[in-house]
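**Q** next comes the sequence, and after it the predicted model I'd like to discuss.
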Amino acid sequence: MTIHDPVDGVVLVEVNRPPGNLFTIDLCKRLVSLLESPAEGVHVLRLRAVGEAFCLGREREGATAAELRAESQVLVDVMRALRRTRLVTVCEVQGDAAGFGVGLVAACNVSVAVSSARFSFPEVGIGLAPALVLAWLPRVVGEREAFWLTATGEAVSAARAVELGLVNATAGSPEELVAEVDDRIAALRARSPRVHADIRDMLRVFAEVGDDAALDVSIDRLVVGSMRRGEG
């Protein structure tokens, strides 16, 4: 994985581990570090991969119970960092995604996929119920779809992934994908990083409480936000 120097408020992260671009625990830790402690002035993280696949999961390294627990904790850390980072995260999906790879796509604020990409949760094929996936997938696609996708391992098209809420949009070709992501990042960069960080934080906080509590919290957030209008 290459973490490029930031350019105009955007840090580009490229994964290049053919053929499947599987994430290792080390790559996960590096991504968490970047998300938790981004360089000053960075507004957007752009995540993309090189090759035919975007990410077909992660390498399974643990054997003992202790090793498996430590490994699982790192995977959870990635998901939490994606939720809590102050950066706006944009995912450029140029190929198929599976398991942990779909998690990365779904956890980013904005995800655009090439129309030929397919998305799946193949863990059932190795006799595993994907606990980490099931911790977030039902909130995105609903319990019935979450059950079907994880119980069968069925791959869905990019168009269906849009319908399910796993990605925002599709692009017809690799070139159109890059142009679409460029345009979306330009639209984000035209707005306030502080406001984007506030939006991300509110989405996270409001999702963790009931509707009534969220409305109560929104009062204080609106007052603070109004007082800070005009800040960068």
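**A** All right, it came through fine.
**Q** and A169, what is it in contact with?
**A** 112-113, 162, 180 (C-beta atoms under 8 Å, 6 or more residues apart in numbering). No exception for glycine: its C-beta is placed from N, CA and C like everyone else's.
**Q** partner residues bridging it?
**A** Here A169 sits in beta bridges with V112, going by DSSP bridges.
**Q** before we move on, the earlier item: wait, which of the contacts of A169 is closest to R86?
**A** The nearest member of the contacts of A169 to R86, counting by C-beta to C-beta, is V112 at 21.7 Å.
**Q** buried set for the longest helix along the chain?
**A** Assignment by DSSP state H gives helix 65-84 as the longest helix of the chain. Residues of helix 65-84 classed as buried: 71, 74-75, 77-79, 81-83 (neighbour count, 16 or more other C-beta atoms under 10 Å).
**Q** can you pick out the most distant pair from the contacts of A169?
**A** V162 and E180 (12.7 Å).
**Q** report the spatially nearest residue to G165, omitting neighbours in sequence.
**A** Sequence neighbours aside, V140 is the residue nearest to G165 in space, at 5.1 Å (criterion: C-beta to C-beta, 6 or more residues apart in numbering).
**Q** that neighbour sits in which helix or strand?
**A** helix 131-141 (DSSP states H and E).
**Q** A helix includes V13, no?
**A** No. Under DSSP: H, G, I helix; E, B strand; the rest coil, V13 falls outside any helix and is assigned strand.
**Q** list the contacts for it?
**A** With contacts defined as C-beta under 8 Å, 6+ apart, V13 is in contact with 1-4, 31, 34, 45-48.
**Q** which pLDDT value goes with it?
**A** Confidence at V13, expressed as pLDDT, is 98.
**Q** which intervals of the chain have sub-threshold pLDDT?
**A** Along the chain, segments meeting pLDDT under 70 span 210-232.
**Q** how's it carved up into domains?
**A** Following automatic domain parsing, one finds the domains of the chain at 2-189, 193-227.
**Q** just name the most buried of those domains.
**A** Of all the domains of the chain, domain 2-189 has the most neighbours on average by mean count of other C-beta atoms under 10 Å, namely a mean of 18.
**Q** chain center to that one, what's the gap?
**A** Domain 2-189 sits 5 Å away from the centroid of its parent chain (C-alpha atoms, centre = their mean, to the nearest Å).
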